[in-house]
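>>> Here is the input, now give the coordinates:
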Amino acid sequence: MSKLELGVCYYPEQWDPSLWRDDAAQMVDMGLDWVRIAEFTWGLIEPERGRFEWGWLDEVIEILGEAGLRVMMSTPTAAPPKWLVDEHPEILPVGSDGRVRGFGSRRHYCFSSDIYLAEARRIATEYARRYGQNPHVGAWQIDNEYNDHDTVLSYSDAARQGFRRWLADRYRSINVLNETWGTAFWGSTYSSFDQIELPNGLVASPNPTQSLDFRRYSSDRVRLFNKAQADILRDHSPGRDVTHNFMAGSFEFDHHDVARDLDIVGFDSYPLGNLLGSGLSEQEKHRYLRTGAPDYQGFHCDLYRSQGRGRVWVLEQQPGPVDWAEKNPSPAEGMVRLWTWAAYAHGAQAVMFFRWRQAKSAQEQFHTALFRSDGSPDQAAIELKQIVQDRVALPPAKRDKATVAMLLDYTSIWAADVLPHDDDFPNAQIVREWYAALREMGVDLDFVGPDDDLSGYTLIVLPQSMIVSEKLASRLAGSQAKLLIGARSGSMTPDMHTPSNLAPGALADLTGVRVLRVESLPELANETVLFFEKTSLAFTGWREIVDTNQEVIGQFISNYRDGSPAVIRSEKATYLAMVPGQELLRQVLQNALEWSGISPADHGPDLRITQRGGLGFAFNYGTSALHLPTCDRRKILVGSDPVMPRDVTVWNEVGPLDQTAAK
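Numbers count the residues shown, from 1 in each chain. Alright, predicted model coming up:
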């Protein structure tokens, strides 16, 4: 059971030391609990190799701690100093175009560089020895946003050599690699691992298994880099939680794997910064231009809470307009407060606002903060006061396990990128769309990975699981849950081969389906699905021609194989032979919930309702007041019924003896 903890990202090195003590006092007065510092300080602390200038950071930590604040200390490896780059320019990352990405911003290192890994261990050890036992340091963040600026995949010489070693360890024999990669196709066989190059800069598309293996290798390097520092921090700073700030919407490395070495999974939340680049329609982007998508916060909190084994923190919360998106609108008044409570409702233990004071120089001058660069409070500071008042009114509550789980497999997302067959295939967007549709129906969800515990769920949904191993299929079959399985699931083996029994491969027995052919159609095809002999509804360009001996509950309406199965149901699983459009998706999900014994609701596009223990939360992303579902046992603690626009209502349900108190 826990109450929401609040914090802020602070960059004292960017301000005159005369401000530090007043800043700390003001943070405490505003109700903040945590301060995150130092993630970009390596070049300031070690201006030349072996010469350390700790004094100013010692002073900052002492000031913050004496004021009553807890410090989240960071390792500074996201920004190696210039002298290190000059010593070892080979640590720099290389883009897919073959160009070296140089010094002058951040994230200018290659995960494949063993030289940089050794330097990262060295500086992490120095920071951990210095501050690991400091009573004011309560937690650690490793590095900063691993895939920011697309830096997981690097095509350097170090990556080439590392990939070759990784392949030799994985396959042992070059003949096995040739067989697995299918290099007889186009005559691209190898006689030694030292001949293998990276999958970039080719005349045509690279071998798909090679491309998938390179992504696996690159993801493994991220985990190695993270674990190396986590181990150091645990050795020198026992009892402190260790975290990293994942990026929302990032699928470039396997977060399940990296999260296993963390105590808390953190992420950075920018609902407006990520809106225009999302897969929402233009109409939806217009509708939510100043609120962000209604399920942005919930999706990422639920995902990272599940990976964090119940522990998720928002380590950067957008406070106003950012400076790095294509366009940077201001959030509607009240949205910083709404996003904060939405994070808490979906399981977050803490929310930290980025940042304390708006920068007056360098790259992020337009990025807003709690305070403007002149020290005057911005809108987020005003909303923070209300958040602190709300916090007093709410009892502690713990997020419970959901009855519905969504399987998210990073390897499957990479596989669809590698071999799309449809330039517009929505891939990871399918996962977001299914999540949003379920949330609109009031369904709370957990996420699971391919190796996670599947027990206790009533329904497990697989929106996009292109690769399904025999082991995972067996575990799904052994679970007590009904299954809803999206198109393409099981269509590739872990080696990126077509299964010997055709798709859906290891899921064939569960679904009673055999995929005979796949096609991708342009929008002008204008084909639909007749679901339960009701209204015909649209699907995206992906379509499968399947053979089945199970019940067909949806058929294609088409001038090609009209009436062929589109939705197939066995005793255990419902399989979709297409990617449903929004209305078809809503009907399919509603039917699957009812089939599983779960009663769906209909909260409309703007209202989101979720539970955290005994507390109910409602969030209104619209411009009109919206009523809560009827309930005569509700005691409102924060907000009102109806829920006002861009506002939050929180309640608990009271027993029969408490009816008077609820009125």
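>>> Leu516: neighbour count?
13 (other CB atoms under 10 Å). For the C-beta atoms, the positions are set from N, CA and C on the backbone; glycine is no exception.
>>> Which of the three states applies to it?
For Leu516, the assignment made with DSSP: H, G, I helix; E, B strand; the rest coil gives strand.
>>> how near is it to Gly505?
Note on Leu516: its distance to Gly505, by CB to CB, to the nearest Å, is 14 Å.
>>> next one: Ala120
Distance of Ala120 to Gly505, computed by CB to CB: 40 Å.
>>> The two: who's more crowded?
Ala120 (27 against 23).
>>> How is that one assigned, secondary-structure-wise?
Strictly by three-state DSSP, Ala120 counts as helix.
>>> which residues does it contact?
Each residue near Ala120 by CB atoms under 8 Å, 6 or more residues apart in numbering is listed here: 75, 77, 143, 225, 228-229.
>>> any chance of those in CSV, plus secondary structure, neighbour count and distance to Trp56?
Converted to CSV, these look like this (DSSP: H, G, I helix; E, B strand; the rest coil; neighbours: other CB atoms under 10 Å; distance: CB to CB, whole Å):
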residue, secondary structure, neighbour count, distance to Trp56
Thr75, coil, 28, 18
Thr77, coil, 25, 20
Asp143, coil, 22, 21
Phe225, helix, 23, 27
Ala228, helix, 17, 27
Gln229, helix, 25, 23
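>>> If we only consider the residues you listed, which is nearest to Lys285?
Checking the contacts of Ala120 against Lys285 with CB to CB, the nearest one is Asp143 at 31.7 Å.
>>> what's around Leu615, how many residues?
As a burial measure, Leu615 scores 21 neighbours (other CB under 10 Å).
>>> Against Ile636, how distant is it?
11 Å.
>>> repeat for Pro81
Distance check for Pro81 against Ile636: by CB to CB, it reads 54 Å.
>>> more crowded one of these two?
A side-by-side neighbour count of Pro81 and Ile636, using other CB under 10 Å, places Pro81 first with 21 against 16.
>>> OK, contacts around Leu585?
By CB under 8 Å, 6+ apart, Leu585 lies in contact with 433-434, 437.
>>> typed the wrong thing, it's Pro294
Counting by CB under 8 Å, 6+ apart, Pro294 makes contact with 288, 436, 439, 605-606, 608, 619, 621.
>>> hang on, it is in a helix, isn't it?
No - secondary structure of Pro294 (three-state DSSP): coil, not part of a helix.
>>> per-residue confidence for it?
pLDDT recorded at Pro294 is 97.
>>> before we move on, what about Thr77?
You'll see Thr77 listed with a pLDDT of 98.
>>> Just the ones of the contacts of Leu585 in strands?
If you go by DSSP state E, those have nothing in strands.
>>> that older thread, pipe the contacts of Ala120 into TSV and attach distance to Ala415 per row.
Rendered in TSV, the data for the contacts of Ala120 read as follows (distance: CB to CB, whole Å):
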residue	distance to Ala415
Thr75	32
Thr77	30
Asp143	27
Phe225	24
Ala228	28
Gln229	29
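>>> which among those residues gets closest to Asp254?
Phe225 (13.3 Å).
>>> wait, isn't the closest one in contact with Cys110?
No - counting by CB atoms under 8 Å, Phe225 sits too far from Cys110 to count as a contact (10.2 Å).
>>> Okay then, goodbye and thanks.
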